[in-house]
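Participant: Structure for the following, please:
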Amino acid sequence: MKAPQDIILTPIITERSVDDMAKNKYTFKVAKDANKIEIAQAAEALFQVQVVKVNTVNCTGKVKRMGRTMGKRPDYKKAIITVNPEPTPDKDGKKRKGTIEFFDGMF
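Facilitator: Below is the predicted model of the structure:
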């Protein structure tokens, strides 16, 4: 089993992702071999939130040119995680959060 830090790699900050934060949707770059269940479990472990839904997109890297030579940026997988704004307590009685604090000051 992979560690949660190996599944969720970096947040993606764009205009669209910042607008989606008002709808409790957060966008991350994730490991290419991770599935939706692993992504949901990693988000719950890292951020102590209750995940409602996970949507994934396989993104192809852009082709870039430097003079005559062509290069390509790497492909990656993007996950849009929907979080429950009013979470229920955990089985252990731990309180979950309604948002991810990393993004709280962005909008």
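Participant: Please make it C-alpha for all contacts and neighbour counts, starting now.
Facilitator: OK.
Participant: got a pLDDT number for the residue of the chain most remote from its centre?
Facilitator: Centroid-distance maximum for the chain: Arg68 at 36.1 Å, with Cα atoms, centre = their mean. Listed pLDDT for Arg68 reads 94.
Participant: Same question for the one 4 residues further on.
Facilitator: On the pLDDT scale, Lys72 is placed at 96.
Participant: Which strand residues bridge it?
Facilitator: Val63 (DSSP bridges).
Participant: Tell me how far it lies from Pro11.
Facilitator: Distance, Lys72 to Pro11, by Cα to Cα, to the nearest Å: 22 Å.
Participant: Of the two, give the one with the bigger neighbour count.
Facilitator: Neighbour count, other Cα atoms under 10 Å: between Lys72 and Pro11, Pro11 has more, with 16 against 11.
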